[in-house]
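>>> need a structure here:
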Amino acid sequence: MQMSDHLIDIVEIAKRAGQVILDYYAKDQYAVWSKPDRTLITDANLSAQEVILRGLASKYDYPIISEEAERGAIPAGSRCWVVDSLDGTKDFIKRTDDFSVLIGLLEAGQPVLGAVYVPARDIIYCAEKGAGAWSQLHNRMPKPMHVSATAAIDRMTLVISRSNVSTLDIKIANELQCEYILRVGSVGHKLALVADGEADLYISTRPEVPVWDTCAAHIIIREAGGMITDLSGEPLRYDPEGLSHRHGVVATNGLNHSEIIARVAHTAAGQAV
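Below is the predicted model of the structure:
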C-alpha cells in the first residue's frame, strides 16, 4: 500500500519546517527565552511553526492545536491538527541532533495520520490509519515500518529521556532490567524508534505529557504493530477536557505490554510508599 496524497502533504510540510530549523542550527544564532511554564523556546520554534501553520492552512480547514500558538481545546467529533514545531528544544540548544517536527491529525479524538521528522538525521517516520507506517531516510524510497519481535523484557531496549529523567524512571529501568538503554531527546523521536524496531519500549512517568508530544507518533506506533497507553494500561485520550495525558505514557512493541504495565505499577506503588 502506498502513501496517500494526504500523508505526502504533511511529510512535505514537516520537511520544510525541518529545513528552517536546520538553517538556525547551522548558524547557531537565535534568541532563547523561557515560557511561563519554564520550558524553553527559540526563534527556530516560531519560524518552523509559521511554516507548518501556513502549509496546513493552505490545504485544509481543520483547526490546529500547536504548542507555540494559541492552543484552544481539541474539538469533539471533528478533525484537528496537533503540532509541535520543534520537539526537543533543549536538545536543539545543546546540539545533540535529537529534535524533531511533529504533525498529527485527530479525527473524533483518535490519531489517524502522523509524521515525525528528525531534521538533523533527515529521516521521517509517518503513518495513516489502515495504511501502515513508513520511514524514509534522505530521498530514498519509503520503507514499511514494523515494531521489533523481542518478547523477553530483559532483552528489550528501553528508550528514555536524555535530560528529563526522574528517580522513578531510573527505578523502573532497574526493575525491568532491560538489556540496553537509549537516551534520546525528543518524545516523538523516542516513540518513532519503538515503531521502527530500533527500541522495544518507551516509558514516561511525567504527570502531564502534552498531546502534541504524542499525537503524531501515536498512529505510527499503532500502524507499525505496537501499543501505546498510559501507565495504567488505559488508552491515551485526546478530547476537549485537556491538552495533556495525566498518567504518563508507555509504548511497546506489543509483546508483554500488560506485564510491563504491571511491573511499572508495582515500582510506582513502591515509590509512593
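>>> Give me the contacts around the lowest-mean-pLDDT helix or strand in the chain.
For the chain, using mean pLDDT, DSSP states H and E, the weakest element among its helices and strands is helix 257-272, scoring a mean of 84. With contacts defined as Cβ atoms under 8 Å, 6 or more residues apart in numbering, helix 257-272 is touched by 153, 167-168, 171-172, 175-176, 201, 203, 205, 227, 229, 231-233, 250, 252. C-beta: built from backbone N, CA, C; applies to glycine.
>>> Name the residues of it that come out as buried.
His257, Ile260, Ile261, Arg263, Val264, Thr267, Ala268 (16 or more other Cβ atoms under 10 Å).
>>> quick one: Met145 from Glu223, how far?
8 Å (Cβ to Cβ, to the nearest Å).
>>> Compare the two and say which one has the larger neighbour count.
Neighbour count, other Cβ atoms under 10 Å: between Met145 and Glu223, Glu223 has more, with 25 against 22.
>>> The more buried one: what's it in contact with?
Glu223 neighbours (Cβ under 8 Å, 6+ apart): Ala127, Glu128, Lys129, Gly130, Ala131, Gly132, Ala133, Met145, Ala195.
>>> Same list as before, those that is, but in CSV and with secondary structure included.
Converted to CSV, these look like this (DSSP: H, G, I helix; E, B strand; the rest coil):
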residue, secondary structure
Ala127, strand
Glu128, strand
Lys129, coil
Gly130, coil
Ala131, coil
Gly132, strand
Ala133, strand
Met145, coil
Ala195, helix
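>>> ok, so of the residues you listed, who is nearest Tyr25?
Tyr25 has its nearest neighbour among the contacts of Glu223 in Ala195, at 24.8 Å by Cβ to Cβ.
>>> okay, now the domains of the chain?
5-144, 153-272 (automatic domain parsing).
>>> next one: the shortest one to chain centre, how far?
By that I understand domain 153-272. 11 Å (Cα atoms, centre = their mean, to the nearest Å).
>>> count of neighbours near Ile65?
25.
>>> For Thr252, see how far away it is.
Counting by Cβ to Cβ, the gap from Ile65 to Thr252 is 26 Å.
>>> ok, now Ser58?
37 Å.
>>> before we move on, back to that, next, show the common contact partners of Met145 and Glu223.
With Cβ under 8 Å, 6+ apart as the test, Met145 and Glu223 both reach Ala127, Gly132, Ala133, Ala195.
>>> of the residues you listed, closest to Leu243?
Ala127 (22.0 Å).
>>> quick one, what contacts the closest one?
Neighbouring residues of Ala127 by Cβ under 8 Å, 6+ apart: Leu7, Leu113, Gly114, Ala133, Trp134, Met145, Ala195, Ile219, Ile220, Arg222, Glu223, Ala224.
>>> cool, Met145 as well?
Tyr125, Ala127, Gly132, Ala133, Trp134, Ser135, Ala195, Asp196, Gly197, Ile220, Glu223, Ala224 are the contacts of Met145 under Cβ under 8 Å, 6+ apart.
>>> same deal with Lys35?
Ile41.
>>> ok, it to Ile41 distance?
The gap separating Lys35 from Ile41 is 6 Å, by Cβ to Cβ.
>>> Quick one: residues contacting the most centrally placed residue in the chain.
Nearest residue to the geometric centre of the chain (Cα atoms, centre = their mean): Gly188, 2.1 Å. For Gly188, the contact set (Cβ under 8 Å, 6+ apart) comprises Asp84, Asp87, Gly88, Ser100, Leu102, Val116, Asp213, Thr214, Ala216, Ala217.
>>> quick one: low-confidence ranges for the stretch 1-150 of the chain?
1, 70-71 (pLDDT under 70).
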